[in-house]
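Chemist: Okay, here's the prediction I keep looking at, along with the sequence it came from:
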Amino acid sequence: MANRQPGYIDGRRFRVGNVPTWGPVPDVLIPGTMEAYGFFEDFLSCETLAGDGTTVTGEGVWQFKEANDCTIAQGDEAGGVLTLVNGALLNDGGQIMMGMDPAVHVSRGAFFLAAGKHLWFEARLKSTNAGTDNIGIFAGLVEPEDTDILANGAGAIAIQDHLGFSIRGTQTTYRFNGGKAAAPVENDLAIGLDTSYHTFGFYVNGYTSVAVYIDRALIVAGALTDTNMPVVGLVPILAIKNNAAFAETLTVDYIMCVQLR
């Protein structure tokens, strides 16, 4: 496995509660010796792919879903990166979902929010913005569905049960989104879109609240309460979709999620 580190059982699951499992978490209630599970995907390798249902070759298992026109490829940067590039027509895009072929295996998640089961999600990414304020991005956790999480026309997040970061259509700042069934919430993070890498993280304090971090700095302490936190199984997802006739690129350095057992 490409990402074997001290404390790993294999490339996707590990036991140690401090390093490296919880090392990136800024300042949260993590018992240092408790067993955790999760994954860290560094995209040291992936195939150049296009077309629904294809499997992305990487350290983990991802399924690629295309919306009209999108390609996925290995980027040329130190440490390995993944690129998602949408076509140049309106509503072109695509997404990758961890461990699931959404056309076959729906509603089967690996991460469940629950009391005492603290969770940390983090992704480091950047994007182009060829068409001013017309790009759509989502990075986070969702209930597996055979659905594009980014709706056409930059509409509301399309998969109801979700937690994650987005920017859509004419929005000029990133948002943190959460939803349980028909109760979505959107927090404006007041951080603009640019072409530099940023680290997006959120911490779920059991089933009590969600705190949001950007570049490991706390942005919103109580972004969500249990009223808007999913109770279904969730998996990681990365998505891009345009809202104008411009080809855009989402570049992802890594994505990770870890939770107490």
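Modeler: Alright, I've got the coordinates.

Chemist: and stretch 228-240, how far apart are its ends?
Modeler: End-to-end distance of stretch 228-240 (C-alpha to C-alpha, to the nearest Å): 24 Å.

Chemist: let's have the chain start at 415 instead
Modeler: New numbering, starting at 415: the last item is stretch 642-654.

Chemist: Looking at it now, give me its mean pLDDT.
Modeler: What stretch 642-654 shows for mean pLDDT is 91.

Chemist: Centre of the chain to that stretch, how far?
Modeler: Distance of stretch 642-654 from the chain centroid (C-alpha atoms, centre = their mean, to the nearest Å) equals 8 Å.

Chemist: ok, now stretch 622-637?
Modeler: 15 Å.

Chemist: what do you get for stretch 569-585?
Modeler: Chain-centre distance of stretch 569-585: 11 Å, with C-alpha atoms, centre = their mean.

Chemist: what's the distance between residue 668 and residue 644?
Modeler: Distance check for residue 668 against residue 644: by C-beta to C-beta, to the nearest Å, it reads 23 Å. C-betas here are computed from N, CA, C, even on glycine.

Chemist: count of residues packed around residue 629?
Modeler: 13 (other C-beta atoms under 10 Å).

Chemist: Not counting sequence-adjacent ones, nearest residue to it?
Modeler: Once flanking residues are discounted, residue 629 sits nearest to residue 613: 5.2 Å by C-beta to C-beta, 6 or more residues apart in numbering.

Chemist: For residue 668 and residue 644, indicate the residue with more neighbours.
Modeler: residue 644 (24 against 20).

Chemist: ok, and the closest non-adjacent residue to that one?
Modeler: residue 575 (3.9 Å).

Chemist: how about the one you found, phi and psi?
Modeler: Main-chain torsions, residue 575, degrees, to the nearest 10: phi -90, psi 110.

Chemist: Next, the contact list for it, please.
Modeler: Contact analysis of residue 575 by C-beta atoms under 8 Å, 6 or more residues apart in numbering lists 556-557, 593-595, 644-646, 648.

Chemist: go with 6 Å
Modeler: 557, 644, 646 (C-beta atoms under 6 Å, 6 or more residues apart in numbering).
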